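Peer 1: Sequence and predicted structure below; questions after.
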There are 2 protein chains.
Amino acid sequence: MKGKDIILGILSTSDKTGYEINDILQNQLSYFCDGTYGMIYPTLKKLEQAGSISKQEIIQSGKPNKNIYSITDKGQREFAEYLSADVAPSTFKSDFLLHLFFGADLPKEQVEKLIKEELARKKGQLQQLLDNYQMWQQQGISQTQLITVNYGIVQYKAVIEFLQSQLDELN
Amino acid sequence: MKGKDIILGILSTSDKTGYEINDILQNQLSYFCDGTYGMIYPTLKKLEQAGSISKQEIIQSGKPNKNIYSITDKGQREFAEYLSADVAPSTFKSDFLLHLFFGADLPKEQVEKLIKEELARKKGQLQQLLDNYQMWQQQGISQTQLITVNYGIVQYKAVIEFLQSQLDELN
DNA sequence: CATCGCATGTAAGCAGTTACATGATTTG
DNA sequence: CAAATCATGTAACTGCTTACATGCGATG
């Protein structure tokens, strides 16, 4: 699961500019992958040079010009290959858990603060997913996409409930 | 949350060799961070050069010699600083979800296979955590560590239950 | 008049991965 | 006798992050 796979995936559904790809990444896919402009534009360039995607320049007045990228047949084959390949193990990195794990000597208030902050972050992320969910329900969403959204929702809800219970127990 | 922070955290509780650090990383902390020898040894070297940890060489016969690392006062201060700093956002990357999200055209059997495999992986990870849990109960575990373990368990259980329900629905 | 949205890109650097290299002892 | 365990390390590479650079129009 590299930047390349994510971008080919997004372009496999419809043509997009780098800016729009970033938007999708930040707002719709952020619960299971990430990416920044610093990754997106160089990756688009490489994919174009490799012939996996093609670029169409749109001259705009008033706004900056934009490049709309489309996936080519070669790109489609490449992405199909990725889809049929083995699933790479997922990674979860939590600085919050590292703090807690090695923070045995932390004062109670500090622990409480850590948990409260994590709770707020998770609630925010859940809300973002729920907002997307509504948008998707209107726009239409595939059966498999629905599974991924619910995967995220279920995971967030479980964690939020757990953190809340820990906070209650602390008092 | 860099390799440096993880290693200082491990050494803040007791002296360890690089080999033992790897073992802890793979078996006890793997549900929220990772690391390989290629990261561990260079990081230990840098930390020693910076005076954050110190090395004691143990000559062994029959086995390879080993270097036992201890955290220094400077390292302890460094780690305390890390602990009191802001918590970095967590990251979750799932190749499984990327496959599902863009695999709208995947045949039903393929989707079922994907979910079954993910289910098996998650069950394995949960089992590892539960095994650790038992070990920790015997060895003793801090209150904050207990929270982190339960965080992991709750998260895994929620995902496993969800995947199982999706599998049932598919048939 | 400041900030947000639209829009694209590069360059330097870093943290970590992968692959390689070595080797004795113990266990199945 | 093969594989696992103990044990350490380097070198090349890669993939991404961070910071920088630009600029107009609309919104508040």
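Peer 2: Noted; the coordinates are in hand.
Peer 1: element containing the residue in chain A that DNA strand D sits nearest to, please.
Peer 2: Nearest residue of chain A to DNA strand D (C-beta to the nearest atom of the strand) works out as A:G38 at 2.3 Å. (Glycine included, C-beta is placed from N, CA and C.) Here A:G38 sits within helix A:37-49, counting by DSSP states H and E.
Peer 1: Now do the buried residues in that helix.
Peer 2: Residues A:M39, A:I40, A:T43, A:L44, A:L47, A:E48 are the ones in helix A:37-49 that count as buried (16 or more other C-beta atoms under 10 Å in any protein chain shown).
Peer 1: Which strands or helices does it pack on?
Peer 2: helix A:3-13, helix A:18-27, strand A:53-58, strand A:66-71 (3 or more C-beta pairs under 8 Å, 6 or more residues apart in numbering or on different chains; DSSP states H and E).
Peer 1: what comes up buried for the third one?
Peer 2: It stands for strand A:53-58. Within strand A:53-58, the residues scored as buried using 16+ other C-beta under 10 Å are A:I53, A:S54.
Peer 1: Partner strands of it, with direction?
Peer 2: Paired strands of strand A:53-58, with direction, are strand A:66-71 (antiparallel) (DSSP bridges).
Peer 1: Just give me the neighbour total for A:F32.
Peer 2: 22 (other C-beta atoms under 10 Å in any protein chain shown).
Peer 1: that's a strand at it, yeah?
Peer 2: No. Going by DSSP: H, G, I helix; E, B strand; the rest coil, the assignment for A:F32 is coil, not a strand.
Peer 1: Surely A:E48 is in contact with A:K55?
Peer 2: Yes. Counting by C-beta atoms under 8 Å, A:K55 is a contact partner of A:E48 at 5.5 Å.
Peer 1: what residues are shared contacts of those two?
Peer 2: Here A:E48 and A:K55 have A:Y69 as joint contacts, going by C-beta atoms under 8 Å, 6 or more residues apart in numbering or on different chains.
Peer 1: Return the residues of chain A in contact with DNA strand C.
Peer 2: A:17-20, A:23, A:37-38, A:41-42, A:44-45, A:60, A:63-68 (C-beta under 7 Å from any atom of the strand).
Peer 1: Phi and psi next, for the residue nearest the centre of chain A.
Peer 2: By C-alpha atoms, centre = their mean, chain A has its centre lying nearest to A:S30, at 2.2 Å. Backbone dihedrals for A:S30, given as degrees, to the nearest 10, come out at phi -60, psi -20.
Peer 1: three-state assignment of the nearest residue to it once chain neighbours are set aside?
Peer 2: Nearest residue to A:S30 in three dimensions, chain neighbours excluded: A:Q128, at 7.3 Å (C-beta to C-beta, 6 or more residues apart in numbering or on different chains). Secondary structure state of A:Q128, per three-state DSSP, is helix.
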